[in-house]
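Enquirer: Sequence first, predicted coordinates after that:
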Amino acid sequence: MSGMDSGNRTMSPSGSPQSPSLDLGQESKPSSAVELELQALFKELSMATSVVKTIKSRINQIIPVSHLSPELLARIFLILRDIQSISIMPRERNPDCPIFKYLGWIVVTQVCSRWRHVAIDCPALWTTVTFNRGSRWADQMLLRSKQAPVEISIDQNGCDWDRKAMTHDAKRIADHIAHTSLDISFTKAASVLDNFSQELLRPAPILRKLSLAYVCGLQKHRGDVYIAPAELFANDTPCLREVSLDNVFIPWSSTLFKGLRFLRIWLPSGLRSSPQAGQYAHFVPALTEFIDVLDNMPALQALEVIGALPSFSAANVPLFTMDRKVSLPQLRNLLFGGAILDVALTLSLLAVPSEFNFGLCRRVPLPVEGKGGHARGIAVAL
């Protein structure tokens, strides 16, 4: 509406806008008559809008892209999902930046009704579930994924959680854990891990990758380690192939450490000399226990153990010459970090391929926030 006629518009007692009066000298119509006229006009507008919508639909039916089958459209949407991810909307968004810039591939659901129906009816399109845009988004993704294998990712950095919201999200994930196949990642505070891990006590029959990280406050509190429940996933993860633990301890006797192809365990340095030294003995396996764990992973291809190697002692010296060896014929990458004698003792009991990549940490670094950290070491071919 232009500035010229905005001053002539009045409001009816019901709050509905009235048509501007063209002749201020004329007597105004009764309020009831005005309302009747407005109702008639709104009805005409609704009919006209319906006609416009119908014409647009007919135009859409004629253009070539509308002749693509739902199956082909869904495949195109899947490609778009992989290259145009959903972004976290900043709290103070630039008003000049349209909201759809943060929606990523989800904009396809806003183009037309046909595209929306195709997208919603394609469970595979909703299998990468992120909680970084809030619980309502994640709920819809989980709902639309139906029973398709899903990948769930959570980073507390991108979530404004209170305890109630955390509990809700944890229960939602637990409800879908039976078809979670790829990745569950929790980062930041122990309170988040507590909330979620207590809900993740159900079997996870198709879980393939598990990543748990606790990196909050490590610069101030060197030696913080989160202890996960011993009954995580009810010790029922027959398809689990990759486990990555950053400052998270799972008992070495857990069945999670069976049949793995990738195992990564990083514990902070300095635990032996810290006030938690007594508890640290709990985290480090006995040499025979470590061998037993590796024996359950004959197809292991990559192994990273930082700060959690069996500890060398005088009692372990005879084990250097013991006949028992762990055979890891498919091992391609090995990274150890700890005291040099601990590394030597463990290496002496491994039967590995003649060539593989070996990294040795000269010191044990703290994981870098969000990236898991990098070892400063050397790589050699053995």
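Expert: Nice, thanks for sending it over. Numbers count the residues shown, from 1 in each chain.
Enquirer: C-alpha only now, for contacts and for neighbours.
Expert: Fine.
Enquirer: Ser260 contacts Ser244, doesn't it?
Expert: That one is not Ser; residue 260 is Leu. No. At 10.8 Å, Leu260 does not count as touching Ser244 under the criterion of Cα atoms under 8 Å.
Enquirer: Mind checking which of those two has more residues around it?
Expert: Neighbour comparison, Leu260 and Ser244: the larger count goes to Leu260, with 24 against 19 (by other Cα atoms under 10 Å).
Enquirer: Assign that one to helix, strand or coil.
Expert: Of the three states, Leu260 takes coil under DSSP: H, G, I helix; E, B strand; the rest coil.
Enquirer: ok, it - contacts?
Expert: 240-243, 297, 299-300 (Cα atoms under 8 Å, 6 or more residues apart in numbering).
Enquirer: which of those lies closest to Pro205?
Expert: Leu240 (8.4 Å; Cα to Cα).
Enquirer: any idea what sits nearest that closest one, other than its immediate chain neighbours?
Expert: Spatially, and ignoring its direct neighbours in sequence, Leu240 is nearest to Arg208 (4.1 Å; Cα to Cα, 6 or more residues apart in numbering).
Enquirer: can you confirm Glu151 is in a helix?
Expert: No. Counting by three-state DSSP, Glu151 is not part of a helix but strand.
Enquirer: For it, give me the pLDDT.
Expert: For Glu151, the pLDDT comes out at 83.
Enquirer: Is it in contact with His179, as I believe?
Expert: No. The criterion here is Cα under 8 Å, and Glu151 misses it with His179 at 9.2 Å.
Enquirer: Now the two most distant members of the contacts of Leu260.
Expert: Val243 and Ala299, at 13.8 Å, using Cα to Cα across the contacts of Leu260.
Enquirer: What ranges does the stretch 101-250 of the chain have for its helices?
Expert: 113-120, 135-145, 163-176, 190-197 (DSSP state H, counting those that start in this stretch).
Enquirer: Find the residue ranges of the chain scoring beneath the pLDDT cut-off.
Expert: The model of the chain has pLDDT under 70 over residues 1-30, 87-102, 155-164, 181-193, 195, 215-223, 269-281, 314-322, 362-382.
Enquirer: now the strands for it?
Expert: For the chain, the strands defined by DSSP state E cover 128-130, 150-153, 180-186, 209-213, 226-227, 242-246, 248-249, 262-266, 302-306, 326-327, 333-337, 350-351, 357-361, 377-381.
Enquirer: Make CSV from those and add distance to Glu37 to it.
Expert: Putting these into CSV (distance: least, Cα to Cα, whole Å) gives the following:
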stretch, distance to Glu37
strand 128-130, 50
strand 150-153, 54
strand 180-186, 58
strand 209-213, 64
strand 226-227, 69
strand 242-246, 69
strand 248-249, 70
strand 262-266, 73
strand 302-306, 76
strand 326-327, 88
strand 333-337, 79
strand 350-351, 89
strand 357-361, 82
strand 377-381, 82
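Enquirer: quick one, which of those strands is nearest to Thr288?
Expert: Closest of the strands of the chain to Thr288 is strand 326-327, at 10.5 Å (criterion: Cα to Cα).
Enquirer: Go ahead and name everything in contact with that closest one.
Expert: Strand 326-327 has contacts (Cα under 8 Å, 6+ apart) with 291, 294-295, 298, 349-352.
Enquirer: Of those residues, which pair is most distant in space?
Expert: Across the contacts of strand 326-327 (Cα to Cα), the longest gap, 14.4 Å, separates Pro298 and Leu349.
Enquirer: residues of stretch 108-121 that come out buried?
Expert: 108-109, 114-115, 118-121 (16 or more other Cα atoms under 10 Å).
Enquirer: do stretch 38-52 as well
Expert: Leu38.
Enquirer: mind exporting it as CSV, just the C-alpha atoms?
Expert: Taking C-alpha atoms only, stretch 38-52 is exported to CSV below (Å, rounded to 0.1, in the frame of the first residue of the first chain):
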residue,chain,number,x,y,z
LEU,A,38,-15.4,-7.2,3.1
GLN,A,39,-16.5,-10.8,3.4
ALA,A,40,-17.6,-10.8,-0.2
LEU,A,41,-14.3,-9.3,-1.3
PHE,A,42,-12.3,-11.7,0.7
LYS,A,43,-14.3,-14.5,-0.8
GLU,A,44,-13.5,-13.2,-4.3
LEU,A,45,-9.8,-12.9,-3.3
SER,A,46,-9.8,-16.5,-2.1
MET,A,47,-11.4,-17.7,-5.3
ALA,A,48,-8.9,-15.6,-7.3
THR,A,49,-6.0,-17.1,-5.3
SER,A,50,-7.3,-20.6,-6.0
VAL,A,51,-7.5,-19.8,-9.7
VAL,A,52,-3.9,-18.4,-9.7
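Enquirer: Fine by me, thanks again.
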